[in-house]
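Enquirer: Predicted model and sequence below, questions to follow.
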Amino acid sequence: LGANPQNKYLQRTFENRVAYLEYMLEFKRTDGWHKRWTARDSLMAENVKWLREEMFPGKKVIVVAHNYHVAKYNRIEKVMGEFLEPRFGRSTYVIGAFAAQGEYANNAGEIEELSPSDPVDLDIKDLILALKGEVNFLGLECADTRGGEWLDESIVVNDSFIDLNNSKKLNLAKQFDGVLLLKKSSAPQKL
């Protein structure tokens, strides 16, 4: 299709559609959810690599995606962030986003209330509610310093898909370089 940027995007769109159909056909044959999610995140990572190397070489690229996909690590599934790590390493900065209260739109677009914090285990909602301000950012490089050890332990993060086993805990410092912490979230309004 030539070097025209519009044609490059068009060609990439066709390649993505073919890859999507291939992994969906494989999924229909095997019903392998873990393999399907791995294939999906692998393709997402390939698109990010393509954008950085083909369309914007030498430039910064910002990718906005769900916490599950951008994470640098997942205990059970291999996610987009893990696929990107070997290629881009420390030139990436991964930010997770979490809210303590409010509502969100689920995958079906239905409005749901965020659940209350876990009464037994350390819950990210308790951390968020203990902070001053409506929005806070926490860089996680301090996990290796005295007093930051808790960042390297599992913390409850209900209302956020973590893996296909419906886990409710994750390790913030292993998965993200920083976290955006919101006191309250609201679901998008329908037009």
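Expert: Good, I have the coordinates.
Enquirer: can you list the weak-confidence ranges in the chain?
Expert: The chain contains residues with pLDDT under 70 at 1-2, 143-144, 191.
Enquirer: can you map out the strands along it?
Expert: 95-105, 111-113, 135-139, 154-156, 169-171, 178-185 (DSSP state E).
Enquirer: The second one pairs with which strands?
Expert: So that's strand 111-113. strand 95-105 (antiparallel) (DSSP bridges).
Enquirer: Give me the angle between the partner strand and strand 135-139.
Expert: Per axes from the mean of the first three to the mean of the last three Cα atoms, to 10 degrees, the angle that strand 95-105 makes with strand 135-139 is 150 degrees.
Enquirer: List of residues touching strand 95-105?
Expert: Outside strand 95-105, the residues that touch it by Cβ atoms under 8 Å, 6 or more residues apart in numbering are 67, 70-71, 111-114, 117, 124-125, 128-129, 157, 159-160, 172, 175-188. Placement of C-beta: from N, CA and C, glycine included.
Enquirer: Only C-alpha atoms, please: export it in CSV.
Expert: Provided in CSV are the C-alpha atoms of strand 95-105 (Å, rounded to 0.1, in the frame of the first residue of the first chain):
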residue,chain,number,x,y,z
ILE,A,95,0.5,3.8,35.6
GLY,A,96,-2.4,1.9,37.1
ALA,A,97,-5.6,3.8,38.1
PHE,A,98,-7.9,2.9,41.0
ALA,A,99,-10.9,4.5,42.7
ALA,A,100,-12.3,4.1,46.3
GLN,A,101,-15.9,5.1,45.8
GLY,A,102,-18.5,5.9,43.1
GLU,A,103,-19.5,4.0,40.1
TYR,A,104,-18.2,2.7,36.8
ALA,A,105,-19.6,1.2,33.5
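Enquirer: Cool, thanks, signing off.
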